[in-house]
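next come a sequence and a model predicted from it.
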Amino acid sequence: MQTTKENFIGHIEFDRFQRNVEKAREFGHKYWIGDIPVHPELLKFYKAFKAKRYNIVPCVDRNTNAYWVRQEDGEQKAVHVYFTLGITFPDTTDFRSGDIHIEADSNLDNAGFTYCVKADEIENEKFASHSDGYHIRQSKDMAKAVKLATKYLTPLDYDDIHGKCLGNLHTGIHRLREPAQEKLHQKMGIERSVIAQEVAHMIASGYQPSTEAFKNALDMWMQEGAELKRMQDYKPRACLVWVKPNSLSYKFTEDRVVTECTSMDDVPELIRNKLAVLQIAKNGDAIADVGVRVSDITYWVFA
């Protein structure tokens with residue numbers, strides 16, 4: 001199946017990917033995974049790994065590197081291909097289990113290669129915990145690297161997806177709180193001299209605001225105070241919904257058990273209705289009392 005913008009799986013711009021594909025085809029590049037032009041050693045690594053995990057899905061998340069090819073006249077010419085592939089699975093195409101990549105010892109034809117596996121679960125104590133190398137294991141032996149890939153690059157479960165989506169929940173709630181907090185700060189942040197004047201007036205008479213600032217604050221509070229107060233500390237009950245090709249999983253944050261539904265009729269009406277709204281929103285959108293759209297397959301629903 002030809003790769004289109006709709007079915008492309010990757011974190012780089014599709015237009016850039018398309019240009020790389022066209023240039024590799026013009027060059028006559030021979031090593032491909034579907035429509036992805038790759039280094040021949042990465043192709044070998046990928047095929048060996050796929051033989052162990054048949055349902056892996058390759059993703060284009062990094063830019064190309066120069067692969068030098070010796071021409072018939074003896075000169076070397078560079079074609080830009082992919083040395084790294086993100087790895088995901090059919091149910092989790094918006095997320096990554098990790099990646100596989102190769103590192104060449106040099107640009108020479110007889111260069112040796114290092115085969116690398118990257119995953120969050122890897123803890124390589126040769127590196128500091130904040131560095132990229134901390135989450136990478138590698139080997140000059142491709143068979144050993146395939147074993148590492150098989151061990152660490154596994155399908156994500158509901159708890160994995162939940163962890164990857166938590167940041168979006170916190171960001172979404174912050175965006176919903178912020179306008180209320182800002183408006184309350186602007187209207188209720190009255191100068192001390194104005195407050196003192198108002199207090200003196202309150203003591204001297206049956207209360208009617210004497211300052212425009214205080215009057216505006218009271219008018220705003222009368223009209224919007226209850227809603228703004230609710231929104232400045234907004235903390236809804238949240239449920240992560242994961243939509244898969246043949247089923248749907250959901251769990252409220254306080255629950256311990258994930259519910260799996262193979263029919264939308266089995267999904268609670270509250271979740272169905274709010275999911276319908278979120279499915280026409282944009283990724284990253286947060287809607288008060290509805291939820292947050294994280295990606296095409298994951299949504300936080302508010303209850």
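That came in fine, so what should we check first? Here the structure is a predicted model, which is why all the values come from computation and not from measurement. Numbering: from 1, shown residues only.

residues touching stretch 167-181, excluding its own?
Outside of stretch 167-181, the residues within contact range by C-beta atoms under 8 Å, 6 or more residues apart in numbering are 227-236, 238, 240, 284, 286, 288, 291-292, 294, 300. Any C-beta I mention is one placed from the backbone N, CA and C, and that applies to glycine too.

distance from the chain centre to it, please.
Distance, stretch centre to chain centre, for stretch 167-181: 17 Å (C-alpha atoms, centre = their mean, to the nearest Å).

equivalent analysis for stretch 231-241, please.
That offset, for stretch 231-241, works out to 20 Å (C-alpha atoms, centre = their mean).

quick one: contacts for P90?
Neighbours of P90 in contact, by C-beta under 8 Å, 6+ apart: 55, 57, 245.

among those, which lie within strands?
With DSSP state E as the criterion, strands contain V57 from among the contacts of P90.

of the contacts of P90, closest to Y67?
V57 (23.1 Å; C-beta to C-beta).

quick check, that closest one in contact with L85.
No. With contacts counted by C-beta atoms under 8 Å, V57 stays clear of L85, the gap being 9.6 Å.

neighbour count: the two, which is higher?
L85 (26 against 16; other C-beta atoms under 10 Å).

what about that one, which SS state?
With DSSP: H, G, I helix; E, B strand; the rest coil as the basis, L85 sits in strand.

all strands for the stretch 51-200 of the chain, in order.
57-59, 65-70, 76-81, 84-88, 98-104, 113-118, 136-139 (DSSP state E, counting those that start in this stretch).

N20 is nearest to which of those?
Closest of the strands of the stretch 51-200 of the chain to N20 is strand 76-81, at 6.1 Å (criterion: C-beta to C-beta).

follow-up on the earlier one: mean pLDDT and distance to D219 added to the strands of the stretch 51-200 of the chain, as TSV?
What follows is the strands of the stretch 51-200 of the chain, written out as TSV (pLDDT from 0 to 100; distance: least, C-beta to C-beta, whole Å):
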stretch	mean pLDDT	distance to D219
strand 57-59	97	54
strand 65-70	84	62
strand 76-81	89	63
strand 84-88	97	53
strand 98-104	94	56
strand 113-118	96	57
strand 136-139	95	60
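
wait, which of those is closest to G206?
The nearest among those, by C-beta to C-beta, is strand 84-88 at 69.3 Å.

which other helices and strands contact that closest one?
helix 40-52, strand 57-59, strand 98-104 (3 or more C-beta pairs under 8 Å, 6 or more residues apart in numbering; DSSP states H and E).

what residues of stretch 237-248 count as buried?
238-243, 248 (16 or more other C-beta atoms under 10 Å).

distance between it and the chain's centre?
16 Å.

again with stretch 278-293
In terms of C-alpha atoms, centre = their mean, the gap separating the centre of stretch 278-293 from the centre of its chain is 15 Å.

still on that earlier bit, put together a markdown table for the strands of the stretch 51-200 of the chain, with distance to V277 on each row.
Converted to a markdown table, the strands of the stretch 51-200 of the chain look like this (distance: least, C-beta to C-beta, whole Å):
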| stretch | distance to V277 |
| --- | --- |
| strand 57-59 | 29 |
| strand 65-70 | 43 |
| strand 76-81 | 42 |
| strand 84-88 | 27 |
| strand 98-104 | 33 |
| strand 113-118 | 36 |
| strand 136-139 | 41 |
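
how about the CA coordinates for stretch 187-194, as CSV?
Extracted C-alpha coordinates of stretch 187-194, given in CSV (Å, rounded to 0.1, in the frame of the first residue of the first chain):
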residue,chain,number,x,y,z
LYS,A,187,-10.3,42.1,38.5
MET,A,188,-9.7,41.3,42.1
GLY,A,189,-6.1,42.5,42.3
ILE,A,190,-7.1,45.9,43.5
GLU,A,191,-4.5,48.3,44.8
ARG,A,192,-4.2,48.6,48.6
SER,A,193,-5.0,52.4,48.6
VAL,A,194,-8.2,51.7,46.7
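
show me what the mean pLDDT comes to for the lengthiest helix in the chain.
Counting residues, the longest helix found in the chain (DSSP state H) is helix 158-188. In this model, helix 158-188 has a mean pLDDT of 91.
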